[in-house]
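Participant: need coordinates for the following:
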Amino acid sequence: MGAVIWDVALVVGVTIIFMAILVAFARRILGVYIGIGRLFVAGILGVAAEVGFESQVVWGKQDYTPALLPLQIGIVFFVAIAFLVLAELLVPAGSLPRPDQWIPAITARFERGRRYAEISRIAIKNGLVPFRPNTEPTAAGSAERAKQARALRGALESAGGAFVKLGQLLSTRADLLPAEFLDELALLQQRVPPAPWPDVRALLEAELKGPLESVFSSFDTTPIAAASIGQVHKATLRSGDDVAVKVQRPGIIPVVERDLDITLRLAARLERTTAWGRDLGILGLARSFAGSLRDELDYRIEATNMTAMALTQARHPKSERVRIPTHYADLCTRKVLVLELIDGHTLSDARALGEHSPAELNDQAKRLLLSTLTQIIDDGVFHADLHPGNIILGADGSIVLLDFGSVGRLDSQLRSQIGAVLLAFYRGDAATFTDALLGFVDLPDEIDETALRRQIGVFVATKLGPGASIDVTVFAEMVRMLAENQIEVPAELATAFRAVGTLEGTLRHLSPSFDLLTEASSYASDRVARELTPKAIATTLNSELLALMPIIRRLPARIDRLTGSLAEGRLSLNIRLFADARDRVLIRGLVNTLAVTVLAAAFGVIAAMLLISDGGPQVTPTLTLFQIFGYLLVVLSGLLTLRVLFDVFRIARRN
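Facilitator: Below you'll find the predicted structure:
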């Protein structure tokens, strides 16, 4: 019995040592972390291959010799590494869930498949499959695009959930879609019934950690607004304050995550398989949408945005200030947002405009424009989705903003850059606008900058010249012009442009006679004039000097060293090739791959020469020492070849 236990312990110990060596060797030869599950399977296969080799070469045919030991070890490692490379090719690491995640993964796959089938039926029913974009600038082409746009809107409304939100996002992307699609997607409506009150009550009490009666003296169970993500109820706090309670629909997070997963998968497939998907950058758009929608699912982010905007608005003069609703931070959670109840109607409601004179509406439009520009240029915190449904015109004529799930944020440098672009644009200063815009973006090496500057100058002169009227398409055309020149527009600049573009439509809805270009030009000229006052110049100089002081303090010592080196004839100029770290990584990777490839080929050639040689001492009846060396070099050549293939597969997948 003791001998059996000893043998078992010996086998276990040898196995553990072998697996540890295999782990270190495999991770070293492949240069990446490999899961223990794959390594265990690789070790089993390697040992099985070695046992098969022994059964064919040694057992019953010749006496065992230690000279075969390196070959046996080589077979184990070669088969193990070959399995790992093949597994990486067929099933990349991380693509399969862990065993404890199998049941949730199977459930999610089933739900995703069911949703795929539902979406496919909706797409076929609405005539979206097959989809062939039509770009012909003719009446027939426009009619075809309008037909496709109606089909897309119907499909998105039928699919509901995150797909309606996606359509609403696309309706603001005039830089990506034709006007027919923008007009149709702007009509998207979320026709969803309110969630059952018992489920809503349970969620509220779970989030507020107590019965509703302990927080509210009254609560209207019928929502005043309901959408696919949440709904809003009127209520009165125990303190007597009337509030609006925004509550997330129970169980909506798994539904949204499922739809987002499908959206990302479809976007990746379309970008991979269609030319129009690649041209639109549809995967990047889907990822941006997914990030925005996930932020909207956390009402704490919205509460933080409200606090930030309230603080910045308090610093503005009344003529440029809009109202931000007060929220009750101690009652706001991830799924519940409690804020003051605003008396008034949104601009999308005809009653809001009918209660005020045209002059009052024009004044409020001016206030809203000045406030938005100040938010972007001075505050760095701005409401990025100012459509009529997100703005209330109060009974007292005040402008109140709603829905702070989409708020842009800019640091001081970005504010300065974007401010220079917008102010030059509104002033119609083509040269300054071109300088500011090109200083903000990265120009491709092959671009003709002179021709681009001329193109931008013509654009500004055409769109902002005498008799011109600005609208949302101006910003879309500008972004499209840059895209045609292979210039990637920074996300922050695109967000600011979309915010101003969306605001333009809202201002025209609020006051059809409002002259946006004149007001914006006046604002831009006033800001430039204010920056040229003695006080503003002194403040700017003081800020610049403070920033330059560290450099100025170091300058004398550097000049002294420079002149000393020049006088002594020791002044030299060093130029570093491959100064960019990305270039060094690329060259290093190519050299390493080339070196390993050459070694693998050399070892393979030497192995072939040794295997066909009859020279060398006879180790076994069928093998000479040179042939054993040849087999070892075959294994080594194979391992190096597998390393090269592994790197090729990994680079291809990353690209």
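Participant: just for the stretch 1-150 of the chain, where's the confidence low?
Facilitator: Where the stretch 1-150 of the chain drops to pLDDT under 70, the residues are 1-37, 54, 56-71, 88-102, 105, 130, 133-135.
Participant: just the helices in the stretch 351-500 of the chain please.
Facilitator: According to DSSP state H, counting those that start in this stretch, the stretch 351-500 of the chain carries its helices in the segments 358-374, 412-427, 430-438, 449-464, 472-484, 491-510.
Participant: redo those helices as a markdown table? Include distance to Gly291.
Facilitator: In short, each C-beta sits where N, CA and C put it, glycine included. What follows is the helices of the stretch 351-500 of the chain, written out as a markdown table (distance: least, Cβ to Cβ, whole Å):
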| stretch | distance to Gly291 |
| --- | --- |
| helix 358-374 | 23 |
| helix 412-427 | 18 |
| helix 430-438 | 26 |
| helix 449-464 | 31 |
| helix 472-484 | 20 |
| helix 491-510 | 11 |
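Participant: any idea which of those helices gets closest to Ser239?
Facilitator: Ranking those by distance to Ser239, with Cβ to Cβ as the measure, places helix 358-374 first at 30.3 Å.
Participant: from the chain's centroid, how far away is that closest one?
Facilitator: Helix 358-374 has its average C-alpha position 33 Å from the chain's average C-alpha position, going by Cα atoms, centre = their mean, to the nearest Å.
Participant: pretty sure Gly638 sits against Phe78.
Facilitator: Yes. In this structure, Gly638 is within contact of Phe78 by Cβ atoms under 8 Å, at 5.3 Å.
Participant: go through stretch 362-372 and flag the buried ones.
Facilitator: For stretch 362-372, the neighbour count (16 or more other Cβ atoms under 10 Å) marks 362-372 as buried.
Participant: turn those into TSV, including pLDDT and distance to Arg278.
Facilitator: What follows is the buried residues of stretch 362-372, written out as TSV (pLDDT from 0 to 100; distance: Cβ to Cβ, whole Å):
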residue	pLDDT	distance to Arg278
Asn362	86	45
Asp363	85	47
Gln364	87	44
Ala365	86	40
Lys366	87	43
Arg367	87	43
Leu368	88	38
Leu369	86	37
Leu370	86	41
Ser371	87	39
Thr372	86	34
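Participant: for Arg558, give its distance to Ile551.
Facilitator: To Ile551, Arg558 is 9 Å away according to Cβ to Cβ, to the nearest Å.
Participant: ok, which of the helices of the stretch 351-500 of the chain comes nearest Asn542?
Facilitator: With Cβ to Cβ as the criterion, Asn542 lies closest to helix 412-427 of the helices of the stretch 351-500 of the chain, at 15.7 Å.
Participant: and that closest one, what does it pack onto?
Facilitator: Applying 3 or more Cβ pairs under 8 Å, 6 or more residues apart in numbering; DSSP states H and E, we find helix 412-427 packed against helix 430-438, helix 449-464, helix 491-510, helix 516-531.
Participant: which stretch in these has the least confidence?
Facilitator: Comparing these by mean pLDDT, the weakest confidence falls on helix 516-531, with a mean of 72.
Participant: from the chain's centroid, how far away is that one?
Facilitator: Taking Cα atoms, centre = their mean, one finds helix 516-531 lying 35 Å from the centre of the chain it belongs to.
Participant: angle of the helix or strand just after it against helix 516-531?
Facilitator: Helices and strands here follow DSSP states H and E; after helix 516-531, the next one along the chain is helix 534-567. Between the axes of helix 534-567 and helix 516-531, defined by axes from the mean of the first three to the mean of the last three Cα atoms, to 10 degrees, the angle is 60 degrees.
Participant: need the next SSE after helix 534-567, C-terminal direction.
Facilitator: Along the chain past helix 534-567, the next helix or strand (assigned with DSSP H and E) turns out to be helix 581-611.
Participant: helix or strand right after that next one?
Facilitator: Scanning the chain past helix 581-611 towards its C-terminal end, the next helix or strand to appear is helix 625-654 (assignment: DSSP H and E).
Participant: who are the packing partners of that following helix?
Facilitator: helix 2-30, helix 69-90, helix 581-611.
Participant: sorry, back to before: which of the buried residues of stretch 362-372 sits closest to Ser572?
Facilitator: Within the set of these, Thr372 lies nearest Ser572; the separation is 54.5 Å, counting by Cβ to Cβ.
Participant: so what's the nearest residue to Phe404 once chain neighbours are set aside up against?
Facilitator: Take Phe404 and drop its neighbours on the chain: the residue closest to it by Cβ to Cβ, 6 or more residues apart in numbering is Asn305, 4.0 Å away. Applying Cβ atoms under 8 Å, 6 or more residues apart in numbering to Asn305 gives the contacts 381, 404-405, 407.
Participant: Asn305: helix or strand, and which one exactly?
Facilitator: In the assignment (DSSP H and E), Asn305 maps to helix 299-313.
Participant: now that helix: buried residues?
Facilitator: The neighbour-count check on helix 299-313 (16+ other Cβ under 10 Å) flags 299, 301-309, 312-313 as buried.
Participant: what do you get for stretch 399-418?
Facilitator: Of the residues in stretch 399-418, those buried under the neighbour-count criterion (16+ other Cβ under 10 Å) are 399-408, 410, 414-415, 417-418.
Participant: same question for stretch 203-221.
Facilitator: 203-204, 207-208, 215-216, 219.
Participant: out of these, which is nearest to Arg570?
Facilitator: Distances from Arg570 to the buried residues of stretch 203-221, taken by Cβ to Cβ, are shortest for Glu207, at 71.8 Å.
Participant: Pro223 falls within a strand, correct?
Facilitator: No. Under DSSP: H, G, I helix; E, B strand; the rest coil, Pro223 falls outside any strand and is assigned coil.
Participant: now it: how far from Ala202?
Facilitator: Counting by Cβ to Cβ, the separation of Pro223 from Ala202 is 16 Å.
Participant: with neighbour numbers in mind, choose between the two.
Facilitator: Between Pro223 and Ala202, Pro223 has the larger neighbour count (other Cβ atoms under 10 Å), namely 20 against 12.
Participant: how about the nearest residue to the more buried one, chain neighbours excluded?
Facilitator: With Cβ to Cβ, 6+ apart as the criterion, Pro223 has its nearest non-adjacent residue at 4.0 Å, and that residue is Gln231.
Participant: and that neighbour, what element?
Facilitator: Taking DSSP H and E as the definition, Gln231 sits inside strand 230-237.
Participant: got the angle for that strand vs helix 299-313?
Facilitator: Regarding strand 230-237 and helix 299-313, their directions subtend 70 degrees when assessed with the same axes, to 10 degrees.
Participant: list the buried residues of the very next helix or strand once past strand 230-237.
Facilitator: From strand 230-237 onward toward the C-terminus, using DSSP H and E, the following helix or strand is strand 242-248. Residues of strand 242-248 classed as buried by neighbour count (16+ other Cβ under 10 Å): 243-248.
Participant: ok, of those residues, which one's closest to Gly160?
Facilitator: Of all those, the one with the least separation from Gly160 (Cβ to Cβ) is Gln248, at 15.9 Å.
Participant: which residue is the nearest non-sequential neighbour of the closest one?
Facilitator: Leaving out its chain neighbours, the residue that sits closest to Gln248 by Cβ to Cβ, 6+ apart is Lys335, at 4.0 Å.
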